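> Predicted model, plus sequence, below.
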Amino acid sequence: MGLGLVWAQSPHTTAIAIHSVSVDMPASDTVFPPGPGSDLAGKCLICHSAGMVLKQPALTQAEWKAEINKMRTVYGAPIEDSDVDALSVYMSKVNADQQAK
Amino acid sequence: MLQKWNSNDISRRRFLQIAGLAGSIGALGGARAFGAEPSTFRLPFANGERELSRAFPQKGEMILLRTRPPLLETPFDVFDQGVFTPNNRFFVRWHLAYIPTQIDAASFRLVVRGKVGKTLSLSVEQLMKEFEPVELAAVNQCSGNSRGLFNPRVAGGQWANGAMGCARWTGVRLKDILDRAGVDAGAVQVRFNGLDSGVVPATPDFIKSLDIDHARDGEVMVAYGMNGEQLPLLNGFPLRLVVPGWYSTYWVKMLSDIEVLDKPDDNFWMAKAYLIPDTPHANVVPGQTGYKGVPINRMVPRSFFTNLRDGDAVLSGHAVQMRGIAFGGDTGVAKVLWSNDGGSHWKEAELEKDYGKYSFRRWHAHYTPKARGEDTLMVKAINSNGVEQPAAANWNPGGFMRNEIESVKVRVG
């Protein structure tokens, strides 16, 4: 890949060399705990790893519903209206189990 | 003379000892048996257990909050090591999961378009050669830094205090770029977009805007250098917007598109997300409704101890060195004050070298504990506009702009 080195320098700034970059991102090995609704939770992984969910503070089922609906309406999460209850029950349980950590 | 007998976060070694004692998990798999088990430690709030990860490209050991898209926090001891945060320890925060992992420095282009006289398509090389380079030390802090410490807790990225860093940014003035394009008379805002995007088509692209006068203030910068090197990919290679004194949400990474607008930007990330209550300290009562929300903007002053933590042991009759960092937010640090009696009396700390008003500023002081027991040490910054850190923490449902006075309890033996 092209450019190699370009230097920017003036009396007041640092010389910077710019090189093309190619990296690998790590895959997440965190999974949702098994239980009723874990299959629905799998859809969350389309856009983000499970850590985002598992690291949340204690949230009520109503708060989980609000989060799930935000994901659906704002970000386009492909979760059916009819699945919101079951998913929020699952999230509340998993979330409660996490709080001792 | 300083020994730790009970720290909130378990050091890597201590965790490994504990894991070893627990024993039986070690039998589960080869990775653990060969000592490749990632170390964990605990942030000081419920559900604060975190893995320390070295798995991310161009990054050293970071606190893993989320793998995809990455949320990586800087371990706080890094801030004790110097005024500038090393690139490989600088915090990382992405909103959307599609992040290019290969960027060709020669073919990358920054486009400037919209309400301008002529559209530009600039290579990194052109930016470096055809514009005057500028350099600025500035703090980059997530709007939600310290969100995990909110009480009551709020949903979102559960950071402790390490979603911030200070770097020397090298780049060109946004003003110079806009001047070359020629901004139309009716321009009101400038919108910034990077190469990242959502996975689902409906996900709103992450784009942020600044008022035209702000964009042309001569301080806002398009940076290609960070602490004398190109930016790590996860911090925005090859170009990142630098908005001194403003929260990181505006510092668009992998900046590839600048659009001059003739009306205020009403996209999701400006109109719905990153809104703060339009109240002093962005503070409301939990459950409060009916207040106006405005886009988060200027930072507020903060200061921290970097060499002392809760539970550290000190000796009565022996001087204790205290040191840390402070920043003024949207202007410089005028004073850092410390207290060893829980805030009844304050004394001025010694400020170290000034790298400019948007930079971290290191401070130090010392005190001699008089009696055994517990001392509550506090530190607060006052910025050059006279703005002082508040004694009580603010609260808002977004978990934004925390800057209360920090305290550390040490045990005097």
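Structure received.
> burial of residue 99, as a residue count?
Unless you meant another one, I'm taking chain A. By other Cβ atoms under 10 Å in any protein chain shown, 12 other residues sit near A:Q99. For glycine as for every other residue, the C-beta is placed from the backbone atoms N, C-alpha and C.
> right idea, wrong chain: chain B
20.
> That one - nearest residue in space that isn't next to it in sequence?
Once flanking residues are discounted, B:I99 sits nearest to B:D196: 5.0 Å by Cβ to Cβ, 6 or more residues apart in numbering or on different chains.
> mind checking pLDDT for the one you found?
Here, the pLDDT recorded for B:D196 equals 98.
> isn't it right up against B:T101?
No - B:D196 lies out of contact with B:T101 (Cβ atoms under 8 Å); the separation is 11.2 Å.
> if I pick the nearest residue to B:L241 once chain neighbours are set aside, what's in contact with it?
Spatially, and ignoring its direct neighbours in sequence, B:L241 is nearest to B:V252 (4.6 Å; Cβ to Cβ, 6+ apart). By Cβ atoms under 8 Å, 6 or more residues apart in numbering or on different chains, the contact list for B:V252 reads B:192-194, B:206-208, B:236, B:240-241.
> okay if I get these as JSON lines plus neighbour count?
What follows is the contacts of B:V252, written out as JSON lines (neighbours: other Cβ atoms under 10 Å in any protein chain shown):
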{"residue": "B:F192", "neighbour count": "26"}
{"residue": "B:N193", "neighbour count": "19"}
{"residue": "B:G194", "neighbour count": "24"}
{"residue": "B:F206", "neighbour count": "21"}
{"residue": "B:I207", "neighbour count": "17"}
{"residue": "B:K208", "neighbour count": "22"}
{"residue": "B:G236", "neighbour count": "25"}
{"residue": "B:R240", "neighbour count": "25"}
{"residue": "B:L241", "neighbour count": "25"}
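> What's the end-to-end length of stretch B:72-82?
Start-to-end span of stretch B:72-82 (Cα to Cα, to the nearest Å) is 20 Å.
> For that stretch, buried residues please.
Neighbour counts over stretch B:72-82 (16 or more other Cβ atoms under 10 Å in any protein chain shown) mark B:72-76, B:78-79 as buried.
> And for stretch B:194-208?
By neighbour count on 16+ other Cβ under 10 Å, the buried set for stretch B:194-208 is B:194-198, B:203-204, B:206-208.
> can you check stretch A:68-84 too?
For stretch A:68-84, by 16+ other Cβ under 10 Å, it's A:68, A:71-72, A:75-77, A:79, A:83-84.
> Show me the subset of those residues that also lies near chain B.
Near chain B, judged by Cβ under 8 Å from any Cβ of the partner chain, the entries from the buried residues of stretch A:68-84 are A:75-77.
> Out of the residues you listed, which is nearest to B:A155?
A:Y75 (14.3 Å; Cβ to Cβ).
> now stretch B:79-86, how far from the chain's geometric center?
Centroid separation for stretch B:79-86 versus its chain: 13 Å, with Cα atoms, centre = their mean, to the nearest Å.
> Next: stretch B:117-137.
Centroid displacement of stretch B:117-137 relative to its chain, using Cα atoms, centre = their mean, is 26 Å.
> before we move on, back to that, I'd like the buried residues of stretch B:72-82 written out as CSV, with pLDDT added.
Shown next, in CSV, are these (pLDDT from 0 to 100):
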residue, pLDDT
B:L72, 98
B:E73, 98
B:T74, 98
B:P75, 98
B:F76, 98
B:V78, 98
B:F79, 98
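> Could you dump those residues into a markdown table and include secondary structure and distance to B:G328?
Shown next, in a markdown table, are those (DSSP: H, G, I helix; E, B strand; the rest coil; distance: Cβ to Cβ, whole Å):
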| residue | secondary structure | distance to B:G328 |
| --- | --- | --- |
| B:L72 | strand | 26 |
| B:E73 | strand | 23 |
| B:T74 | coil | 20 |
| B:P75 | coil | 24 |
| B:F76 | helix | 20 |
| B:V78 | helix | 21 |
| B:F79 | helix | 16 |
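> Tell me where the model's unsure across the stretch 1-150 of chain B.
Residues of the stretch 1-150 of chain B meeting the criterion pLDDT under 70: B:1-38.
> Now do the helices in the stretch 51-200 of chain B.
B:124-130, B:174-181 (DSSP state H, counting those that start in this stretch).
> can you tell me which of those helices comes nearest to chain A?
Among the helices of the stretch 51-200 of chain B, helix B:124-130 comes nearest to chain A, with 3.8 Å by Cβ to the nearest Cβ.
> Brilliant, that's me finished.
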